[in-house]
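Engineer: After the sequence you'll find the predicted model.
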Amino acid sequence: MQRRDFLTLTASLPLLGLASRAMAATQYTPGAAEASMDAGKVVLLDFWASWCSTCAAQERVLAALKSENPDYEKNIAFFIVDWDQYGKGELSKALNIPRRSTLVALRGRKELGRIVAGTGTAEIKALLDAALAAA
C-alpha cells in the first residue's frame, strides 16, 4: 500500500463510524425525542461527541447488541444527541446530563436507567433489556 492510499484510508475511518451511527439511530433535533417521549414510547438517548473515544466504544457495543437482538431496534427509539451542539440544551438540562458518553433509557418521561461513561457489554445490555421490558 502506498503512503498516500494509507493516509486517505485512515483519514476516512472516523467517517465510517459516523455513517453507521447515523443509520442505526435518529439524529436528535429539538422536539424529536421529546415527541416520542410524550407519546409514551421507549427511547434511548445517546449523548455523543464525534471526538469522544468512550462514545466510540459505546457505539461498538450498541451495534453488536443490536445485531444480536433485532427486538431492540424494533421496540426502542434510538436518538443520538450531539453533545457539541445540544450538550447545554434544554433536553440535557432537563435530564441533568453530566457529560457526553451518557446513555439514558426512558419510557415516556420516566427514566428507566442511565450509564455515564460506561462501556461494558453487560452494563449496556442490562440498560437495553430494561428498556425492552418496558416497551
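Structural biologist: Noted; the coordinates are in hand. Numbering: from 1, shown residues only.
Engineer: which residues does the spatially most central residue of the chain contact?
Structural biologist: By Cα atoms, centre = their mean, the chain has its centre lying nearest to residue 46, at 2.9 Å. With contacts defined as Cβ atoms under 8 Å, 6 or more residues apart in numbering, residue 46 is in contact with 25, 55, 58, 62, 78-81, 103. Yep, even glycine has a C-beta here, placed from its N, CA and C like the rest.
Engineer: Can you flag which of those belong to strands?
Structural biologist: 78-81, 103 (DSSP state E).
Engineer: What subset of those residues is buried?
Structural biologist: Buried by 16 or more other Cβ atoms under 10 Å: 78-81, 103, out of those.
Engineer: Mind putting these into a markdown table with pLDDT?
Structural biologist: Listed next are those as a markdown table, based on pLDDT from 0 to 100:
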| residue | pLDDT |
| --- | --- |
| 78 | 98 |
| 79 | 97 |
| 80 | 97 |
| 81 | 97 |
| 103 | 98 |
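Engineer: Any chance of those residues in CSV with distance to residue 135 as columns?
Structural biologist: Below are those laid out as CSV (distance: Cβ to Cβ, whole Å):
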residue, distance to residue 135
78, 12
79, 15
80, 19
81, 20
103, 16
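Engineer: quick one: which of those is nearest residue 38?
Structural biologist: Nearest to residue 38 out of those is residue 79 (Cβ to Cβ; 13.6 Å).
Engineer: you'd agree the closest one is up against residue 29?
Structural biologist: No - assessed by Cβ atoms under 8 Å, residue 79 is found out of contact with residue 29, at 9.3 Å.
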